[in-house]
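1. build me a model:
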Amino acid sequence: TDLSTDPAHYQLLSQLGRGFNNLSQVSMARHTLSGRLVAVKNTNLDECTEDELLQLMNEVLLSRLFRHPNLLTSRLVFSSSCQLWVLSPLMSYGSADSLLRSCFPDGMSESLIAYLLYGVLRALEYLHRMGYVHRGVKASHVLLSAEGRVCLSGLQSVYSLMKDGKRMRAVYDMPQHSPSLLPWLSPELLRQDLHGYGVKSDIYSLGIVACELVSGRVPFQDMPPTLMLLQKLRGSHCCLLDVPPYPLGDMGALKVSRSGVDSGIGESVATGSLNRTATAERPQSPAPKTHSATLHNLVQLCLQQQPERRPSATALLTHPFFRQFHPVFSLTV
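-> A predicted model of the protein is given here:
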């Protein structure tokens with residue numbers, strides 16, 4: 001690489017966002033010696049706990065190990081004073097989450113959803129084949145470059161399935177996630193029982209991302225964590241409703257309180273109103289949407305309660321939902 005390890009050689013142009021439990025700042029920067037634009041993630045190591053430092057170390061090590069066009073890996077890592085600098089390719093269009101907020105508040109088209117999910121599946125297929133589970137698949141970790149390349153980020157949450165030279169079918173480690181990630185986590189990961197979880201946990205998260213991209217809203221997000229956990233463990237799952245987006249849970253069991261008290265599905269569902277409360281970031285959609293049968297089927301497969309019933313990433317790459325849009329896919333996916 002022609003990049004250098006001197007912080008003075010980088011001009012920070014604009015802040016792109018924050019990450020890693022809000023401890024890291026991601027900026028667009030110009031390498032003054034070459035003129036190249038890169039993404040720089042700065043993390044103050046003095047503010048990190050011991051567990052967070054281990055996560056950062058894991059991300060750096062895995063970033064050097066993995067080589068796949070649909071995984072966002074670092075180009076250069078160095079430390080300066082108490083700051084860790086991680087330089088990555090600039091993903092000019094940002095994350096799918098930011099695209100939803102800025103351009104698609106009511107959800108994306110199915111062709112764009114297929115394009116993004118296909119790239120994520122290719123990344124997951126590679127990770128799973130290498131013996132790793134991602135554990136952090138969500139729209140804010142799905143990035144898009146100016147050339148149209150889809151990349152999955154969030155490597156700090158990746159966990160190895162290998163132990164003593166053998167690949168385990170299940171692991172039992174509970175990731176150190178913030179509560180904000182709970183909507184994307186699978187029931188078996190949240191359950192923390194003797195069955196553990198495996199790579200199919202990522203497939204469940206992909207199904208949640210699909211719902212997120214379709215409606216512009218995160219399923220389960222308006223629920224208190226305890227209710228969300230209960231809904232997932234009971235087997236309630238997201239369904240794509242060809243109507244304005246609702247809080248996604250067990251819609252068949254939805255009962256609206258005549259007193260206007262919270263029904264248990266979302267935040268205070270009022271009598272006669274099932275519409276989700278609008279937010280400043282993603283306002284309420286005024287119009288119904290119709291989704292294809294193949295998209296319905298894809299989401300249903302990904303969100304199966306029993307992980308063994310979910311397809312593998314390899315199998316999903318041949319799903320009819322992606323085949324119908326295959327001509328628009330480029331080699332950069």
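2. list the helices and strands the one helix or strand in the chain whose mean pLDDT sits lowest packs on?
-> In the chain, the helix or strand scored least confidently by mean pLDDT, DSSP states H and E is helix 225-234, which has a mean of 84. For helix 225-234, the packing partners by 3 or more C-beta pairs under 8 Å, 6 or more residues apart in numbering; DSSP states H and E come out as helix 187-191. No exception for glycine: its C-beta is placed from N, CA and C like everyone else's.
3. please name the nearest non-neighbouring residue to the residue most central in space within the chain.
-> When C-alpha atoms, centre = their mean is applied to the chain, the residue found nearest the centroid is residue 138 (1.1 Å). The shortest distance from residue 138 to any non-neighbouring residue, by C-beta to C-beta, 6 or more residues apart in numbering, is to residue 184 (4.6 Å).
4. for residue 31, see how far away that neighbour is.
-> To residue 31, residue 184 is 34 Å away according to C-beta to C-beta, to the nearest Å.
5. who has more neighbours, the two?
-> Legend: neighbour count by other C-beta atoms under 10 Å for residue 184 and residue 31, higher for residue 184 (28 against 19).
6. which phi and psi does the more buried one have?
-> Here the main-chain torsion angles of residue 184 (degrees, to the nearest 10) amount to phi -90, psi -10.
7. you'd agree it is up against residue 140?
-> No. Counting by C-beta atoms under 8 Å, residue 184 does not reach residue 140; the two are 9.8 Å apart.
8. are there residues contacting both of these two? Which ones?
-> Shared contacts of residue 184 and residue 140 (C-beta atoms under 8 Å, 6 or more residues apart in numbering): none.
9. and the longest strand seen in the chain, what other elements does it pack with?
-> With secondary structure taken from DSSP state E, the chain has its longest strand at strand 10-19. When contacts are defined as 3+ C-beta pairs under 8 Å, 6+ apart, strand 10-19 sits against strand 24-31, strand 37-44.
10. to residue 84, which of those lies closest?
-> strand 37-44 (4.6 Å; C-beta to C-beta).
11. in its sheet, what does that closest one sit against?
-> Applying DSSP bridges, strand 37-44 is found paired with strand 24-31 (antiparallel), strand 83-89 (antiparallel).
12. check which residues of that strand are buried.
-> Buried residues in strand 37-44, defined by neighbour count with 16 or more other C-beta atoms under 10 Å: 38-43.
13. okay, buried residues for stretch 174-187 please.
-> 181-187.
14. between those, which is nearest residue 128?
-> Looking across those and measuring by C-beta to C-beta, the closest to residue 128 is residue 186, at 14.2 Å.
15. that closest one against residue 201, yeah?
-> Yes. Using C-beta under 8 Å, residue 186 is in contact with residue 201, at 4.1 Å.
16. now do the shared contacts for those two.
-> Common neighbours of residue 186 and residue 201 (C-beta under 8 Å, 6+ apart) are residue 307.
17. so the closest residue to residue 325 other than its chain neighbours: helix, strand or coil?
-> The spatial neighbour of residue 325 that comes closest, neighbours along the chain excluded (C-beta to C-beta, 6+ apart), is residue 114 at 4.3 Å. Here residue 114 is recorded as helix under DSSP: H, G, I helix; E, B strand; the rest coil.
18. and residue 114, how many neighbours?
-> Using other C-beta under 10 Å, residue 114 has 27 other residues around it.
19. mind listing what it touches?
-> Contacts of residue 114 by C-beta under 8 Å, 6+ apart are 321-322, 324-325.
20. and for residue 179?
-> So residue 179 contacts residue 225 (C-beta under 8 Å, 6+ apart).
21. check what pLDDT it gets.
-> You'll see residue 179 listed with a pLDDT of 76.
22. can you check residue 323 too?
-> Predicted confidence (pLDDT) for residue 323: 86.
23. do you know how far it is from residue 211?
-> Taking C-beta to C-beta, one finds residue 323 at 21 Å from residue 211.
24. for residue 147, grab phi and psi.
-> phi -90, psi 0.
25. show me where this protein has its helices.
-> For the chain, helices defined by DSSP state H occupy the ranges 50-65, 96-102, 110-130, 187-191, 200-215, 225-234, 293-302, 313-316, 320-323.
26. related to what we said a few turns ago, okay, the strands paired with strand 37-44 in a markdown table with mean pLDDT and distance to residue 51 next?
-> Shown next, in a markdown table, are the strands paired with strand 37-44 (pLDDT from 0 to 100; distance: least, C-beta to C-beta, whole Å):
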| stretch | mean pLDDT | distance to residue 51 |
| --- | --- | --- |
| strand 24-31 | 94 | 15 |
| strand 83-89 | 94 | 15 |
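27. reformat these as JSON lines; add distance to residue 6.
-> Formatted as JSON lines, the strands paired with strand 37-44 follow (distance: least, C-beta to C-beta, whole Å):
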{"stretch": "strand 24-31", "distance to residue 6": "10"}
{"stretch": "strand 83-89", "distance to residue 6": "10"}
